[in-house]
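K.L.:
Give the three-dimensional model of this entry:
(chains A, B, C, D, E and F)
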Number of protein chains: 6
Amino acid sequence: MIEGKKMLVVSAHAADYVWRSGGTIAKYIKHGAQVHVVVLSFGVRGESNDLWKKEGATAESVKAERFAETKAAAGILGIENIEFWDLPDYPMSPALDEAARLRMVTKIREVAPDIIITHDKNGEDVLNPDHNAVSRFVFECSIQANSNGVRIENTKTTRQMRLFGFEPHQTELSRFVPDQLVDISEVYDQKVEAMKCFKAQKHLIEYYTQRAFLRGNHLRRISGNQTYKYGESFSSVFPVAGDELV
Amino acid sequence: MIEGKKMLVVSAHAADYVWRSGGTIAKYIKHGAQVHVVVLSFGVRGESNDLWKKEGATAESVKAERFAETKAAAGILGIENIEFWDLPDYPMSPALDEAARLRMVTKIREVAPDIIITHDKNGEDVLNPDHNAVSRFVFECSIQANSNGVRIENTKTTRQMRLFGFEPHQTELSRFVPDQLVDISEVYDQKVEAMKCFKAQKHLIEYYTQRAFLRGNHLRRISGNQTYKYGESFSSVFPVAGDELV
Amino acid sequence: MIEGKKMLVVSAHAADYVWRSGGTIAKYIKHGAQVHVVVLSFGVRGESNDLWKKEGATAESVKAERFAETKAAAGILGIENIEFWDLPDYPMSPALDEAARLRMVTKIREVAPDIIITHDKNGEDVLNPDHNAVSRFVFECSIQANSNGVRIENTKTTRQMRLFGFEPHQTELSRFVPDQLVDISEVYDQKVEAMKCFKAQKHLIEYYTQRAFLRGNHLRRISGNQTYKYGESFSSVFPVAGDELV
Amino acid sequence: MIEGKKMLVVSAHAADYVWRSGGTIAKYIKHGAQVHVVVLSFGVRGESNDLWKKEGATAESVKAERFAETKAAAGILGIENIEFWDLPDYPMSPALDEAARLRMVTKIREVAPDIIITHDKNGEDVLNPDHNAVSRFVFECSIQANSNGVRIENTKTTRQMRLFGFEPHQTELSRFVPDQLVDISEVYDQKVEAMKCFKAQKHLIEYYTQRAFLRGNHLRRISGNQTYKYGESFSSVFPVAGDELV
Amino acid sequence: MIEGKKMLVVSAHAADYVWRSGGTIAKYIKHGAQVHVVVLSFGVRGESNDLWKKEGATAESVKAERFAETKAAAGILGIENIEFWDLPDYPMSPALDEAARLRMVTKIREVAPDIIITHDKNGEDVLNPDHNAVSRFVFECSIQANSNGVRIENTKTTRQMRLFGFEPHQTELSRFVPDQLVDISEVYDQKVEAMKCFKAQKHLIEYYTQRAFLRGNHLRRISGNQTYKYGESFSSVFPVAGDELV
Amino acid sequence: MIEGKKMLVVSAHAADYVWRSGGTIAKYIKHGAQVHVVVLSFGVRGESNDLWKKEGATAESVKAERFAETKAAAGILGIENIEFWDLPDYPMSPALDEAARLRMVTKIREVAPDIIITHDKNGEDVLNPDHNAVSRFVFECSIQANSNGVRIENTKTTRQMRLFGFEPHQTELSRFVPDQLVDISEVYDQKVEAMKCFKAQKHLIEYYTQRAFLRGNHLRRISGNQTYKYGESFSSVFPVAGDELV
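P.N.:
All right, here's what the predicted structure looks like:
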């Protein structure tokens, strides 16, 4: 049951959450979930190659374009709760310090999510060290948010939530293994529209369009449900634990 | 939703299905699932050490006792559909021949299960080669059952079902990693009663009782649901593929 | 240098070599390599679902169609040396007996290949046990072909060749990791035409078209060569061993 | 304490036990252990390349030379209990049938070993499928030997013994990880002499000499004991289980 | 031989060393080893959930209770040499800085241990990032302590010691594989008494009691020694390197 | 084709590049490649045990000797471009800060290498944490050097280069798997002469001599080229991506 679920998505750069989970986000919003997105950086240094090719580009101009793009994409996906921390990237790890940690633990407790989605923790992104740094950072903050002894004023300890990892760009080289495949057919057009906002990375639009198609093939094959056409895949940090086999 | 599900459990020896999935079976039956159990052998050679210590024990006398024990256990768990193929064990692999294969493919098509549970395929049972042989055998038969081109009279091609593996006795040495934890608290007493039927392996009763307790601890920790007390764990052959993250 | 190389491709079923290595084969032939293909079975039982849906289909009619399809595809790829062993499939392993082994060792010695391509050995095809059986079979036959003490009349011991594995259908679930990516842009259209011959598996044509596109993206990213558009990927059984780093 | 230990070594081919465990065997014998060696084949097809180059070589002449070589080596190592099963090799797996299994279970029960050493089971010999087949065969036979229900006249059920794997020729490619390093300095000269008996594989003598040196380096580094000069390494099937940490 | 051995145990939080190695510590002390314990933090933030539920709890009051509990437990186990570094936890990694490193290298050189036990390094604790940080920290400090060029006044370079890892709470999810199982039957009652001191984590007492029982089952199964009843398990950083197979 | 290639080698300590890649470096230089070496530290604390044994040794005297040794070795290998960053070692990670990162990214862009060789990233050096820190550091700097948005005055964004890892000292314990074996026979004598310069680590000279011999054996076995006598091995971060299978 998606309705009423609270989901927190943490994206290292401005577009990661769109390529990797835009369909799942749109579907959750459409069916009544509350989705919060934290964009840690605009990817000015690491993921804006084409914008830098414009004559006279500066860090500020690139950032402004990235901001506009990601805001537009978020709107198309139906995201109302999105915040931009504007951390530096490439490398991001020095910015994931104690202050950032306190901020993230606080954020997690504010949202009190049933589900957190961020960069994959089971494998290792072979081309993007920022993604690995964010994966560890969010995971560790979730552990602290859940711990009663971590006292932060005006916050309430969270309950253990479900944690999922994005599929990285180079799936197999990053040793990513999909644990969960989600059908996104009904919001596929929204995702494609949202991806089109990212002019700095336009070579990725066709890439993620075709990946959604391949994941749709896998969804049909594994579930036996022939109505699935497009999908996204995620890894799980923890096993499924509940009342029955799923 | 358990109600109406069809489950096929394939057990290498007479007691495997009880130690490893007795709680899940009882719960599924209680909530309206249809459960079929195939016991491939009585474990006369490999899993009846104590019975052989009786004076005058013969293969026939041991088999008779094992049969009585496992029938009694099945009754306690509420299993109505159980069959005994009476294959030799230790080693079982020579008996898993083309005739056995045809029989198993046919059986799968008869049951048309939503779920198959058998010995784990992701790791490798480090102390019981029969379990590994059965794991591969059932998996391969499921692939054939699902294939339209495998023509067997009076059978109908099955749809891709969910496949799960039992937790083996030596969990970590067998590189078993639990993908799914199932709460069995409401049928825990039934499972304990069923286990008590196996006089040939009585050292295992306390062992699996305590494991259920440990898995209950993990269930609470991972789900945040504090009502879970006892559990069983399984591995999945395929990722979860469906409409949402679970 | 492709020119003058001898390549042996061993395909479990009628279409495997086309989906998985059709581009590489066409490229090697175009540039002067000698390519030999052995098709072990027609995939009548395991890979002809749509053909069986035709009214009145029989094993013979399905086989005839598969034969016609794969011959046409081979022609489009430029393959002159192809042979069909017509083994049963689903399961194929019982047919990979000592007679088949002798035949394959002999074949390897006849071709004396620089390169053998067959199903992947590093991972495990999670949906197709025949592929795993063929992988082991061909690998073991290659070891014997290379051994001076394996005496077969009218054959000459081969020198250690390079061995590569196909990318399976469910890449990550099969734990396949690409070791070698080959640009197939110049023969891409040929591969697409060849794939179109397989009417029994037409859902796969778009699938492998899109995979070639994704692999093209990876080729550009890893090599820095922006002219690469489409690719195929393979695993290596052995490390690269030679005069320099490649 | 080596004295009084019973050790069973199972070697796929005529020389495997010498290259891989000759030092450990000699040391155990010297210090009062009882060592039994079973040589399953003479390696006529797979490991006698140089002998086949002699003019007029036949399977019989090669076997006779291999037999003479391995007898001589065994003598140098001090082995009194050695037997030759003369199975075919390359491939050996078809010969590891039910009769061979019964014979091996019986042999294990006769020796009642504290320690079994055979080919590695944790990794996979990447160049020698016979080694993998023997590894599984011996392991499975040990399980049966230990099972009270496997009734063989005039034999007595064994107690769980320690099981160790040989280091294969291509260590890392075979994913072998050494669990136990044994100092063989005091019997090193014996091992070198024993290796020199194998004229059919003389390129291996220097190879295994140098490997003993490298393992000696590792022994010193890990133990801190600077008197160790030469070593052999093994993998363990089971953890160490006893009264203290070792 | 335990007598005369020097052991250093490094525990991230106040109770870790008790749950995970209390039996082994008590046994080593009983048989004449010298055991030193360093407790890096009191676990005020991460492992004192129940204490924080008391009305008016403060960091100071929680710390005082944790200190009292762990002192009492140490006394029951017979530990005379224990020190408390009182580092912050959740997260601990920022406190493992250069000053802490110098202090730990100095401590290792003071104790000159034959054995160091700390958190597991082969796997990764999936629920407790502090444990992973401590594991790396202690390991790296041991390397420095052993290096002659790391000059610290009034210290003497240590010899390579044996390093072992604790079994974590979620064994399989943390990919922990036991390399060494130690029988703790004779001190089991002491361990149970010591565990009872931790009122803040009382749900863990039954958990670790039952795990000791399961490990006892594994000890018997693997060693064949039927007198073993309760056990603890550890992972090894290095292989066993010595005079014989163990 | 080696001629014209640009190679950057980054060595954690003064001698690492010689033991692990001295032959490959010499061969590349001999055949017309441009090789640049960065030595991050002199290994004063971690890899100069014997020098510290000299009476009156100080950090300065040790450093001076290490500098002289490594300069001499570089000369023998034909290296003209070598620089010494003189960072502290044991531990080195605190010195790999933002300033070092900027310096390394700049260096990579200056050299614009086709190939970078540094410490292995696929496994983990089990005895030398500095090597792991350097591996990650160089890898992350290469990612930044290749990113158009990382703006550093007077530098030009690099194209994706090939990245290779050194074989560590304890190959298997460090889970190193060789992906590429390079024949160094023609420069083997040069490498041996270069190694002899390191008087502080003379026990390693024979070690790396013998390893070159073992790798020569593997080169012949895998390539079938019998002229190869000595080799070095490397791991690859990325797959081979190009116009053909290699």
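
K.L.:
residues in contact with the one helix or strand in chain A whose mean pLDDT sits lowest?
P.N.:
In chain A, no helix or strand scores lower on mean pLDDT, DSSP states H and E than helix A:49-52, which sits at a mean of 89. Under the criterion CB atoms under 8 Å, 6 or more residues apart in numbering or on different chains, residues A:57, A:61-62, A:65-66, A:199-202, F:147-149, F:151 lie in contact with helix A:49-52. (Each C-beta comes from the backbone N, C-alpha and C, glycine too.)

K.L.:
Which one among those residues sits at the bottom for pLDDT?
P.N.:
Lowest pLDDT of the contacts of helix A:49-52: A:Ala200, 74.

K.L.:
does any bit of stretch A:176-194 sit next to chain E?
P.N.:
No. Under the criterion of CB under 8 Å from any CB of the partner chain, chain E is not reached by stretch A:176-194; the shortest gap measures 13.0 Å.

K.L.:
Show the average pLDDT along that stretch.
P.N.:
97.

K.L.:
Give the buried residues for that stretch.
P.N.:
Residues of stretch A:176-194 classed as buried by neighbour count (16 or more other CB atoms under 10 Å in any protein chain shown): A:176-188, A:190-194.

K.L.:
quick revisit: now the contacts of helix A:49-52: which count as buried?
P.N.:
Burial by neighbour count, judged by 16+ other CB under 10 Å, picks out A:57, A:62, A:65-66, A:200-201, F:147-149 from the contacts of helix A:49-52.

K.L.:
From A:Val192, how far off is A:Ile184?
P.N.:
Computed as CB to CB, to the nearest Å, the A:Ile184 to A:Val192 distance reads 10 Å.

K.L.:
Get me the contact residues on chain A for chain C.
P.N.:
Residues of chain A lying near chain C (CB under 8 Å from any CB): A:127, A:170-173, A:175-178, A:203, A:206-207, A:210-211, A:213-214, A:217-218, A:221.

K.L.:
one more time with 7 Å, if that's ok
P.N.:
A:170-172, A:176-178, A:207, A:210-211, A:213-214, A:217-218 (CB under 7 Å from any CB of the partner chain).

K.L.:
For chain A, which segments count as helices?
P.N.:
A:16-30, A:49-52, A:59-77, A:98-111, A:129-145, A:188-195, A:203-223 (DSSP state H).

K.L.:
Can you get me a residue count around A:Met195?
P.N.:
23 (other CB atoms under 10 Å in any protein chain shown).

K.L.:
Tell me which residues touch it, please.
P.N.:
Contacts for A:Met195 (CB atoms under 7 Å, 6 or more residues apart in numbering or on different chains) come out as A:18-19, A:22, A:205, A:208.

K.L.:
Just the closest residue of chain A to chain D, please.
P.N.:
A:Arg175 (15.8 Å; CB to the nearest CB).

K.L.:
can you tell me which residues contact the residue nearest to that residue when sequence neighbours are not counted?
P.N.:
Nearest residue to A:Arg175 in three dimensions, chain neighbours excluded: A:Gly123, at 3.7 Å (CB to CB, 6 or more residues apart in numbering or on different chains). Contact analysis of A:Gly123 by CB under 7 Å, 6+ apart lists A:174-176.

K.L.:
What of A:Phe238?
P.N.:
Here A:Phe238 is in contact with A:163, B:222 (criterion: CB under 7 Å, 6+ apart).

K.L.:
and it, what are its phi and psi?
P.N.:
Per-residue torsions, A:Phe238: phi -120, psi 160 (degrees, to the nearest 10).

K.L.:
and what of A:Gly78?
P.N.:
phi 90, psi 10.

K.L.:
wait, A:Val111 sits on A:Lys6?
P.N.:
Yes. Applying CB atoms under 7 Å, one finds A:Val111 in contact with A:Lys6, separated by 6.0 Å.

K.L.:
And these two? Which one has more around it.
P.N.:
A:Val111 (20 against 16).

K.L.:
Against chain B, how distant is the residue of chain A closest to chain D?
P.N.:
15 Å (CB to the nearest CB, to the nearest Å).

K.L.:
again with A:Lys54
P.N.:
Note on A:Lys54: its distance to chain B, by CB to the nearest CB, is 39 Å.

K.L.:
Next: A:Val150.
P.N.:
For A:Val150, the distance to chain B (CB to the nearest CB) stands at 17 Å.

K.L.:
burial count for that residue?
P.N.:
A:Val150: 22 neighbours (other CB under 10 Å).

K.L.:
Provide the backbone phi and psi angles at it.
P.N.:
phi -90, psi 100.

K.L.:
Get me the contact residues on chain A for chain E.
P.N.:
So chain A meets chain E at A:98, A:140, A:143-144, A:147-150 (CB under 7 Å from any CB).

K.L.:
about what we covered before: list just the nearest of the contacts of A:Gly123 to A:Thr118.
P.N.:
A:Phe176 (13.5 Å; CB to CB).

K.L.:
For the residue in chain A that chain C sits nearest to, which residues are in contact?
P.N.:
Nearest residue of chain A to chain C: A:Gln210, at 4.1 Å (CB to the nearest CB). Residues near A:Gln210 by CB under 7 Å, 6+ apart: C:210, C:213-214.
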